[in-house]
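Asks: The following comprises the amino acid sequence and a computationally predicted model.
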Amino acid sequence: MSDQKNDSPFFIGWEAKTPKPIGAFLKKTALLLLVSSLVVAGIVTVLQSTVSTGRFDFGNVQEFTGVLIKSPVPMLVADKEVEGEKIFYLVGPMKYGFPTDVAEKHHLQQVTLKGTFIGDAQEAMIEVVDGSVASAGQAGANPLQVSDLGEVTLAGEIVDSKCHLGVMNPGRLKPHRACAINCLSGGIPPILVAQTADGQIAHYLLVGKDGSAIHDDVLEYVAEPVELTGALKVIGNRKALYFDPSTIKRL
Amino acid sequence: MSVSYKSVGWNGFKKRYDLILVIGVVLFLAIFMAVGIAIYPTVTAEILLMRATAIAAITLLHIILLIGPMARLNPMWLPLLYNRRHLGVTMFLTAFLHAVLAILTYHLGGSVNPIVSIFITDAGANMSAFPFQAFGFGALMILFVMAATSHDFWLVNLTAPVWKTLHMGVYFAYVMLVAHVSFGFLQAETSPVYAALMGLGALTIGGLHLRVGWGQKSLDEELQDNSDEFVEVCKVSDLTENIPLGATVGEDRVAVILYEGDKISCVSGVCQHQNGPLAEGQFKYGCLTCPWHGYQYRPNDGASPDPFTEKIPTFDIKIADGRVLVKRKPNPAGTPVEPATCNHR
């Protein structure tokens, strides 16, 4: 296929020396391939656009005190701010939600618990250490006010709250779909990541129309552009959408 | 019963080749990680490493697939082909690390078996949920089989045609990886530069293979229709001393070689080792030498010099009116054939 001449240099791998013209060519070609590959590495790194501000303080277990609330999803209203936050969603280790029996047992009680901070600029969460929740007082009133903002239609992407708030970053879109499905199946609350009119990212906790937790009902829509219609409420300072999962529309 | 195969000869060339390869992969990963963490301090390290290993593996795969056709078009590329199996194994290991990180990160820690999770979380009804993980898993399995059978031990035991067919699986793996990237990463990271890089890579690889395949097709068709017992493959004046000329006789690729001044022989054009193109080699040290790994065969009997045992078929040959005529039916491998003689030019 190639046109060789009688004096064409010929490479034989087991020979001690590579013919000089081939050696010179090899040096240039290897350098070109190496530099091109490293340029590709640089370009691909720089152009990533899905990394968020969320973070997970892996290995830094802290003690939190406050009132535990079981619904619409397990939360802790802390006695004092941690990382500028007082309201924390609660989840279990790995890809599991906070145990419902523990939430039921300590509902509206003052508690102490140990866990790891997860959060971004908007919301925070605690990955609670198994068995670390202890009662620290009697049950009282719900410290969170709920205000109803009426029916809204929102467009965005359904993700699992734990990964998106910082355990995995990037923790959304197609490559993360499998993880989100596993997390939601394990009881981690879903949130809708939507873009506001001014281009900001907003989070909406997703709960059933009657305020019940939803997980499996949204699995098939994870990481896809969707439109949801429901009642928008503010719980404390957290926005939540109460909606019927059977009305989800793919965009 | 025993088999004979040669262990890897760690000559200086292979050591330099592997050193540059390792430095290249380490630098690639280091640059990706360092720049990534500098620009995105909140990024999860394992996800960044997962991406780094993925991009490194597919970049290596492109280089691997580039070397074959480039070596056919320009023999100066042949040294890169000589040790290409080490590139392949390195690429597999890098891709394997990517897969392990993806399974640990996305699939482990839930209620579903991580391997099962790869498939049941992958199915979707539309483009944004179109399966991509299964493509990656399938490609990894092909690459594993290739890496595991890359040693000459398997080449000898499976025989070159079977081994070669098995290793053609790299093209299936490549197509599956293009689908894996296109339906996965490119659905999230939407910069057109990513799609352009992937498209450019696929077009380059596809275009080069088509170019080389077209040239080989012309060669293969050259003498297909001639039904005579002896067929003309070329004129004596077409031959250059020590440089074989490739042709197709019947269904066999052959190499016709003028050597030692006036001798002309014809042997199979397919190396017994990895089915390399002997007609693109040279006559060196008294033997027709394969351009891929330096395997050698005597032109008059198709046998490798002692102590090697490889043999290729020979063809009866004669000269008439300045034309080189080769018998259509090959002789059994290693059969001595008296060379034709000529008054060259």
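Replies: Great, that's in hand.
Asks: Report how many residues lie close to residue B:95.
Replies: 25 (other C-beta atoms under 10 Å in any protein chain shown). (C-beta placed from N, C-alpha, C; glycine too.)
Asks: And for residue B:235?
Replies: The tally of other residues near residue B:235 (other C-beta under 10 Å) stands at 12.
Asks: likewise residue A:216?
Replies: Count around residue A:216 with other C-beta under 10 Å applied: 10.
Asks: got the contact list for the spatially closest residue to it that is not a sequence neighbour?
Replies: Nearest non-adjacent residue to residue A:216, counting by C-beta to C-beta, 6 or more residues apart in numbering or on different chains: residue A:185, 6.6 Å away. Neighbour list for residue A:185: A:95, A:215, A:216, A:219, B:110, B:111, B:112 [criterion: C-beta atoms under 8 Å, 6 or more residues apart in numbering or on different chains].
Asks: Please determine how far residue A:185 is located from residue A:100.
Replies: Distance of residue A:185 to residue A:100, given as C-beta to C-beta, to the nearest Å: 15 Å.
Asks: and what of residue B:267?
Replies: 78 Å.
Asks: returning to that earlier point: among the contacts of residue A:185, name the buried ones.
Replies: Among the contacts of residue A:185, those scoring as buried are A:95, A:215, A:219, B:110, B:112 (criterion: 16 or more other C-beta atoms under 10 Å in any protein chain shown).
Asks: Just the element for the spatially closest residue to the second one that is not a sequence neighbour, please.
Replies: Same thing as residue A:215. Of all residues not flanking residue A:215 in the chain, residue A:184 sits nearest, at 5.0 Å (C-beta to C-beta, 6+ apart). Taking DSSP states H and E as the criterion, residue A:184 maps to helix A:177-185.
Asks: same thing with residue B:137?
Replies: helix B:133-148.
Asks: how close does the nearest residue to residue B:29 once chain neighbours are set aside get to residue B:58?
Replies: Spatial nearest neighbour of residue B:29, excluding adjacent residues (C-beta to C-beta, 6+ apart): residue B:52 at 4.9 Å. According to C-beta to C-beta, residue B:52 and residue B:58 sit 11 Å apart.
Asks: Over to residue B:161?
Replies: As for residue B:161, its distance to residue B:58 is 29 Å (criterion: C-beta to C-beta).
Asks: More neighbours: which of those two?
Replies: Neighbours around residue B:161 and residue B:58, counted as other C-beta under 10 Å, are more numerous at residue B:58. The numbers are 24 against 10.
Asks: mind checking how far the closest residue to that one other than its chain neighbours is from residue A:191?
Replies: The shortest distance from residue B:58 to any non-neighbouring residue, by C-beta to C-beta, 6+ apart, is to residue B:177 (6.0 Å). Taking C-beta to C-beta as the measure, residue B:177 falls 33 Å from residue A:191.
Asks: and the two? which has more neighbours close in?
Replies: residue A:191 (28 against 23).
Asks: partner strands of the helix or strand of chain A with the lowest mean pLDDT, parallel or antiparallel?
Replies: For chain A, counting by mean pLDDT, DSSP states H and E, strand A:134-139 ranks last in confidence among helices and strands (a mean of 89). Sheet pairing of strand A:134-139 (DSSP bridges) gives strand A:109-119 (antiparallel).
Asks: where do the strands sit along the stretch 51-200 of chain A?
Replies: Along the stretch 51-200 of chain A, counting by DSSP state E, counting those that start in this stretch, strands occupy A:55-69, A:75-82, A:85-91, A:109-119, A:124-128, A:134-139, A:146-160, A:190-195.
Asks: Contact distance from chain A - what residues of the stretch 151-300 of chain B qualify?
Replies: B:183-185, B:187-191, B:193-194, B:197, B:212, B:215-216, B:219, B:240-243, B:246, B:277, B:280-282, B:284, B:289, B:291, B:293-294 (C-beta under 8 Å from any C-beta of the partner chain).
Asks: So, low pLDDT: which residues of chain B?
Replies: Along chain B, segments meeting pLDDT under 70 span B:1-9, B:123-129, B:218-228, B:344-345.
Asks: Domains in it, by residue range?
Replies: B:12-219, B:230-341 (automatic domain parsing).
Asks: winner for burial among those domains?
Replies: domain B:230-341 (a mean of 20; mean count of other C-beta atoms under 10 Å in any protein chain shown).
Asks: From the chain's centroid, how far away is it?
Replies: 23 Å (C-alpha atoms, centre = their mean, to the nearest Å).
Asks: And for stretch A:231-242?
Replies: With C-alpha atoms, centre = their mean, you get 19 Å for stretch A:231-242.
Asks: And the pLDDT for the closest residue to residue A:106 other than its chain neighbours?
Replies: Excluding its sequence neighbours, the residue lying closest to residue A:106 (C-beta to C-beta, 6+ apart) is residue A:68, at 4.5 Å. pLDDT recorded at residue A:68 is 97.
Asks: For residue A:68, give me its contacts.
Replies: A:74, A:75, A:76, A:90, A:103, A:106, A:107, A:108, A:109, A:111, A:113, A:133.
Asks: Could you do residue B:204 as well?
Replies: B:62, B:66.
Asks: what about the helices in the stretch 51-200 of chain B?
Replies: B:78-82, B:84-102, B:114-120, B:133-148, B:152-158, B:160-167, B:169-183, B:185-188, B:192-221 (DSSP state H, counting those that start in this stretch).
Asks: can you redo the ones you listed as CSV with distance to residue B:299?
Replies: As requested, the helices of the stretch 51-200 of chain B are exported to CSV (distance: least, C-beta to C-beta, whole Å):
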stretch, distance to residue B:299
helix B:78-82, 21
helix B:84-102, 27
helix B:114-120, 53
helix B:133-148, 33
helix B:152-158, 24
helix B:160-167, 20
helix B:169-183, 32
helix B:185-188, 52
helix B:192-221, 20
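Asks: Of all those helices, which one is nearest residue A:123?
Replies: helix B:185-188 (21.7 Å; C-beta to C-beta).
Asks: Residues in contact with the helix holding residue B:137: which ones?
Replies: Identification of contacts with helix B:133-148 by C-beta under 8 Å, 6+ apart yields A:178, B:88-89, B:91-93, B:95-96, B:99, B:102, B:118-119, B:121-122, B:154, B:166-167, B:169-170, B:172-174, B:176-177, B:179-180, B:183-184.
Asks: angle of it against helix B:169-183?
Replies: Here helix B:133-148 points in a direction 150 degrees away from that of helix B:169-183 (axes from the mean of the first three to the mean of the last three C-alpha atoms, to 10 degrees).
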